[in-house]
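Asks: Mind looking at a prediction? Sequence and model below.
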Amino acid sequence: MIDLEKLTLKCLLRRSVEKFPQRPALSWVDGTPMTYEEFDQKVQDMSQFMHKQGIVAGDRVAILSENKPNWGIAYFAITTMGAVAVPILPDFHANEVHHIIRHAGCKGLFVSERLYDKVAEGEFDTLQMIIFIDDFSLIPPQTQKEKLREVVREGTKEFARLKETALRMAGKLKAEVQEDDVASIIYTSGTTGHSKGVMLTHKNIVYNAIDTMNIQTVNEYDRLLSVLPLSHTYECTIGFVIPMMNGACVYYLDKPPTARVLLPAMQKVKPTMMLTVPLIMEKIFKLRILPSLTGSALMRGVYKIPFFRKTLHQIAGKKLIKTFGGELHFYGIGGAKLAPEVERFLREARFPYAIGYGLTETSPLAAGCGPSKTRFRSTGPALPGIEVKIDNPDPLTGEGEILVRGATVMKGYFRDPERTAQVITKDGWFKTGDLGVFDKDGYLYIKGRLKNMIVGSSGENIYPEEIEAKINESDYVLESIVFEQQGQITARIHLNYEKLDEKYPHNKYSNSKIQEQIKNILEEIRKDVNARVSTFSRINTVIEQTEPFEKTPTQKIKRYLYVN
């Protein structure tokens, strides 16, 4: 158990600096890591500087940036001085970013040069400090877009002068951070109509970090390669706060995590731990591993035999571990459901995967287990210090809405007491909106989202996610969604056009012939799935989705865009 005077990020950092002063903390993949002692000094300097810019305890300070070591400095500088970090997802549209800054009443903003355009034209009444996170240079809030380059050049000198003055005048900050103080407000959506600023306290975050250590240990020799946005709670708590708590080192990419960037990075870092969303491994399996195992008619026949399939998976698994650098012992998957055939591959390949369940509102992890204790299709049991129960379970199936209670449940939605009251009961249970069921050993199985569930003509519960999993097993399918349309079950499918091009090359087939084949493939998929689901879950209509589905930052399909 981690021993802390108080469950605050300030106490957490102080302990890490005392225990691991010269251990590497954060680094670029190709850079020299800063030590915990160096990290702490940069955090203190930045807190002092912000204080001299008028930022005090309780003020909200936004972070709009890609992942980088300076993101972590900004986050701890804000939270350890008692201010509130407001991480903004880089993928949000400029209008969404503006709304969040205004809704949160941010007084400060750390922004990367690449994302500055998203705020350059905004008018923010409360904003009194803007800092380039790339080099921590100060930008006057009134700076116009055309003056940006000049500010980048001159800002560092201005920052150095102000920092020196601040250190002379201020001494150490006196703010005493308490466990129940809000540490971070995380907006799960940026649009005006759907904004939900999740308020997480210091205790929420630190308790979750400590509790997660009950299922997976992390130590000062671990190396993490970060590929998910730090502005998402999943990566921030599990991929940043937990490593910082235990003396591990986190490495960041200076480019988007494409295969061309990731492969050499993994060979350099040789990560021992990684966190990802299902889509990453699903793409690796479907586009690279599966074609190599079923490239001929003979191999496809062999692959259908369980004994040979498992052998082939083990061989592929060893190669995959080498691709990841050869030292991986924990590969966490969260944010959405993993496709069953991909999980079967990971299990049979003896790949060290683990699936967790949680939400931004639960800081995030509520259920999970280490790689050695996983069960097929389960997220694992509830964390030891967290209560998880099924509300109003179905008498026959045991399925119902998942409720969570404990020290990791958010304080509420910022400036939205009504919506807070809708999701947190008077006795402290958070209503997740997810449907699930426990097995006899307490392992949790997620069935789908309550709002996605379709009620059949005779009152049957139909879970679109389960039908989608069967659709996605087809070699010709990359992703799909299932929904109700005019009383019928409809599937919208995005095909694997790379595989279709191989089978029906344009130099041999006309476009009309290819379209006819696509129509036949979609119908074959529909019939195959209908043969393997209950009669009330059968698909009536299939629609081709020619472009990839738009997704959230955790790579979940934005269903509302496609459901009429």
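Replies: Thanks, I have the structure now. Residues are numbered from 1 along each chain as shown.
Asks: At which residues are the helices of the stretch 301-450 of the chain located?
Replies: 306-323, 340-348, 417-423 (DSSP state H, counting those that start in this stretch).
Asks: I should have written the stretch 451-564 of the chain there, sorry.
Replies: Per DSSP H, counting those that start in this stretch, the stretch 451-564 of the chain carries helices over the ranges 464-471, 497-503, 511-530.
Asks: Please list the outside residues in contact with the longest one.
Replies: To tie it back to what came earlier, the one meant is helix 511-530. If you take CB atoms under 8 Å, 6 or more residues apart in numbering as the criterion, helix 511-530 is touched by 467, 470-471, 474, 476-477, 491, 493, 495, 500, 503-504, 506, 509, 538-539, 542, 544. (Glycine included, C-beta is placed from N, CA and C.)
Asks: Between helix 464-471 and that helix, find me the angle.
Replies: Using axes from the mean of the first three to the mean of the last three CA atoms, to 10 degrees, the inter-axis angle of helix 511-530 relative to helix 464-471 is 120 degrees.
Asks: Tell me how far helix 511-530 lies from the chain's centre.
Replies: Per CA atoms, centre = their mean, to the nearest Å, the displacement of helix 511-530 from the mean C-alpha position of its chain is 34 Å.
Asks: So which helix or strand of this protein has the lowest pLDDT on average?
Replies: Lowest mean confidence among the helices and strands of the chain (mean pLDDT, DSSP states H and E): helix 148-170, at a mean of 46.
Asks: Determine the set of other helices and strands touching whichever helix or strand comes after that helix.
Replies: Towards the C-terminus, the helix or strand next in line after helix 148-170, according to DSSP states H and E, is strand 182-187. Other helices and strands packing on strand 182-187, by 3 or more CB pairs under 8 Å, 6 or more residues apart in numbering; DSSP states H and E, are strand 84-88, helix 94-104, strand 197-201, helix 202-212.
Asks: weakest of these in terms of mean pLDDT?
Replies: Set side by side, the helices and strands packed on strand 182-187 show their lowest mean pLDDT on helix 94-104, which sits at a mean of 94.
Asks: For T374, the count of nearby residues, please.
Replies: Per other CB atoms under 10 Å, the neighbour tally for T374 reads 21.
Asks: Also F240?
Replies: Other residues within reach of F240 by the criterion other CB under 10 Å amount to 22.
Asks: Do I have it right that it meets L230?
Replies: Yes: counting by CB atoms under 8 Å, F240 touches L230, with 6.0 Å between them.
Asks: Residues that sit against both of these two, list them.
Replies: The contact lists of F240 and L230 share G72, Y75, where a contact means CB under 8 Å, 6+ apart.
Asks: returning to what we had before: JSON lines for the helices and strands packed on strand 182-187, including distance to V61 and mean neighbour count?
Replies: Formatted as JSON lines, the entries for those read as follows, by distance: least, CB to CB, whole Å; neighbours: other CB atoms under 10 Å:
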{"stretch": "strand 84-88", "distance to V61": "6", "mean neighbour count": "26"}
{"stretch": "helix 94-104", "distance to V61": "9", "mean neighbour count": "19"}
{"stretch": "strand 197-201", "distance to V61": "14", "mean neighbour count": "23"}
{"stretch": "helix 202-212", "distance to V61": "15", "mean neighbour count": "24"}
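Asks: As a markdown table, these with distance to M273 would be great.
Replies: Formatted as a markdown table, the entries for the helices and strands packed on strand 182-187 read as follows, by distance: least, CB to CB, whole Å:
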| stretch | distance to M273 |
| --- | --- |
| strand 84-88 | 21 |
| helix 94-104 | 30 |
| strand 197-201 | 23 |
| helix 202-212 | 12 |
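Asks: Could you single out the most deeply buried of the helices of the stretch 451-564 of the chain?
Replies: helix 464-471 (a mean of 21; mean count of other CB atoms under 10 Å).
Asks: Can you give the contact residues for that one?
Replies: 337, 339-340, 447-449, 452-454, 477, 480-483, 489, 491, 493, 525, 529, 532-533, 537, 539.
Asks: now, which of those residues lie within strands?
Replies: The strands, defined by DSSP state E, take in K447, G448, R449, I454, V477, S480, I481, V482, F483, I489, A491, I493 from these.
Asks: For ChimeraX, what selects the buried ones among the residues you listed?
Replies: Selecting only the buried members of the ones in strands among the contacts of helix 464-471 in ChimeraX, with burial defined as 16 or more other CB atoms under 10 Å, works like this:
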select :447,448,449,454,477,480,481,482,483,489,491,493
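Asks: Quickly name whichever of the ones in strands among the contacts of helix 464-471 is closest to F136.
Replies: Within the set of those, R449 lies nearest F136; the separation is 40.9 Å, counting by CB to CB.
Asks: mind listing what that closest one touches?
Replies: For R449, the contacting residues are G433, D434, L435, E465, taking CB under 8 Å, 6+ apart as the criterion.
Asks: do K255 as well
Replies: K255 sits in contact with V261, where contact means CB under 8 Å, 6+ apart.
Asks: Where does it sit: helix, strand or coil?
Replies: The three-state label for K255, taken from DSSP: H, G, I helix; E, B strand; the rest coil, comes out as coil.
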